[in-house]
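Student: Structure, please.
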Amino acid sequence: MSVAPVDPAAVAAADELPRGPSLGRYLALRAGGSLISLVMVVVVGFFAFRILPGDPAITLTRGRQVSPEEVERLRQELGLDDALPVQFWHYLLDLLRGDLGTSYVYRRPVSELVLEHLGPTLLLTGTAALLSVVLGLWLGQKAAWRRGTWFDKIHTGLALTFWSVPTFWLGLLLLLVFGGGLGWFPTAGMETAGSDASGLAHVLDVAHHLVLPVVTMVAVVYAQYLMVMRASVLEEMHEDYLTTARAKGLREDLVRTRHAVPNALLPTTTLIFLTIGFLVAGAVTVEAVFSWPGLGYLAYQGLNAPDLPLLQGTFVVFSAAVIVMNLVADLVYRLIDPRLKAA
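Tutor: As a prediction, the model looks like this:
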């Protein structure tokens, strides 16, 4: 049997096939796109809050006897008498120096307020994200493996129901039933007012206040993980490598956990990072309902004035969280899926 000679030209042509960008170039491209998105957020956020109804100077002097001259002087102090392009230019210069401005209401730098309220938001969203991921992925892969059974129907139905429920409505319902009605959990705040508890007692007090806000966020978010994980596992169930694993004598639980689930995790991994960013940005509703002292509640209070520097600062932070998590999701997905390196 003769073997066809190897064509050197064909080998050279194969070596010259286009390959995917290097990790450094890929990172630079994604980071550049994220930077452009952040610039657009800064521009849109500045002008969007300028069209809110109400004059901050009038709101800040509400309930006091002030003359029109005093109101105008306050507007000058706040820089509201300048033309919008001038205000935007000053805002950009301050932002480049890391200055988010000074809050109209609190009379403090917005950056200080953001750092002060960042911890409670991270505690709330971090706890909710962890529980949502664990619950959603576990129930999703179990529901897919038991497709059509009562387990699948019940958990899929519950997930779709919670997914469609407005977050603020669910939060208010839990607050009325378990907070005001049964009195099992606190109705507001992060810790008991006037409490001087420390150590373990303080941790338990915060955890007690954390239950209802976390349950509200988990109930709405875990459904996304469940449905995506379920669909991913269903796509893998009839692949040849699972048939091979069964032929080797592996139990169904091992076939699922060792072979099907790791491959089904690829699309879910991207969703996890994206949802974490949106969790931070979406904390406004939950924190407002439960008066949780985080960035969301801070932004909610800024709407009353309107406190423009505070609103702009929190908006930039929330948007940056989504953009950064989107970038991280792209990078992680490329690392865990080698096929993308040559795409």
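Student: what's near enough to touch Val221?
Tutor: Contact analysis of Val221 by C-beta atoms under 8 Å, 6 or more residues apart in numbering lists 128-129, 132, 136, 275, 279. Where you see a C-beta, it was placed from the backbone N, CA and C, and this is true even at glycine.
Student: and what of Trp138?
Tutor: For Trp138, no residue meets the contact criterion (C-beta under 8 Å, 6+ apart).
Student: Roughly how far does Phe162 sit from Trp292?
Tutor: 20 Å (C-beta to C-beta, to the nearest Å).
Student: And the strands in the stretch 201-343 of the chain?
Tutor: Ranges of strands in the stretch 201-343 of the chain, per DSSP state E, counting those that start in this stretch: none exist.
Student: just the helices in it please.
Tutor: 240-247, 252-255, 261-281, 283-290, 295-302, 308-336 (DSSP state H, counting those that start in this stretch).
Student: how about the third one: buried residues?
Tutor: Think helix 261-281. If you call a residue buried by 16 or more other C-beta atoms under 10 Å, then helix 261-281 has these buried ones: 261, 264-265, 268, 270-281.
Student: Against which helices or strands is it packed?
Tutor: Secondary-structure packing of helix 261-281 (3 or more C-beta pairs under 8 Å, 6 or more residues apart in numbering; DSSP states H and E): helix 110-145, helix 200-236, helix 308-336.
Student: Same list, the ones you listed, but as CSV with mean pLDDT please.
Tutor: Below are those laid out as CSV (pLDDT from 0 to 100):
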stretch, mean pLDDT
helix 110-145, 87
helix 200-236, 85
helix 308-336, 81
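Student: In CSV: those, plus distance to Val39.
Tutor: Listed next are those as CSV, based on distance: least, C-beta to C-beta, whole Å:
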stretch, distance to Val39
helix 110-145, 19
helix 200-236, 29
helix 308-336, 11
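Student: Between those helices, which one is closest to Gln76.
Tutor: Smallest distance to Gln76 across these (C-beta to C-beta): 15.0 Å, for helix 308-336.
Student: helices or strands next to that closest one in the packing?
Tutor: Checked by 3+ C-beta pairs under 8 Å, 6+ apart, helix 308-336 has helix 23-50, helix 110-145, helix 261-281, helix 295-302 packed alongside it.
Student: how far is the third one from where the chain is centred?
Tutor: Centroid separation for helix 261-281 versus its chain: 10 Å, with C-alpha atoms, centre = their mean, to the nearest Å.
Student: Restrict that helix to CA atoms and write it as PDB.
Tutor: The C-alpha trace of helix 261-281 is given here as PDB (Å, rounded to 0.1, in the frame of the first residue of the first chain):
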ATOM      1  CA  VAL A 261     -21.900  18.600  35.200                       C
ATOM      2  CA  PRO A 262     -18.300  19.900  34.600                       C
ATOM      3  CA  ASN A 263     -19.000  20.300  30.900                       C
ATOM      4  CA  ALA A 264     -22.400  21.900  31.600                       C
ATOM      5  CA  LEU A 265     -20.800  24.500  33.800                       C
ATOM      6  CA  LEU A 266     -19.300  26.500  31.000                       C
ATOM      7  CA  PRO A 267     -22.300  28.700  30.100                       C
ATOM      8  CA  THR A 268     -23.300  28.900  33.700                       C
ATOM      9  CA  THR A 269     -19.900  30.300  34.700                       C
ATOM     10  CA  THR A 270     -20.400  33.300  32.500                       C
ATOM     11  CA  LEU A 271     -23.900  33.900  34.000                       C
ATOM     12  CA  ILE A 272     -22.500  33.700  37.500                       C
ATOM     13  CA  PHE A 273     -20.100  36.600  37.000                       C
ATOM     14  CA  LEU A 274     -22.600  38.700  35.100                       C
ATOM     15  CA  THR A 275     -25.300  38.200  37.800                       C
ATOM     16  CA  ILE A 276     -22.900  39.200  40.600                       C
ATOM     17  CA  GLY A 277     -22.500  42.500  38.900                       C
ATOM     18  CA  PHE A 278     -26.200  43.000  38.400                       C
ATOM     19  CA  LEU A 279     -26.800  41.900  42.000                       C
ATOM     20  CA  VAL A 280     -24.700  44.800  43.300                       C
ATOM     21  CA  ALA A 281     -26.500  47.200  40.900                       C
END
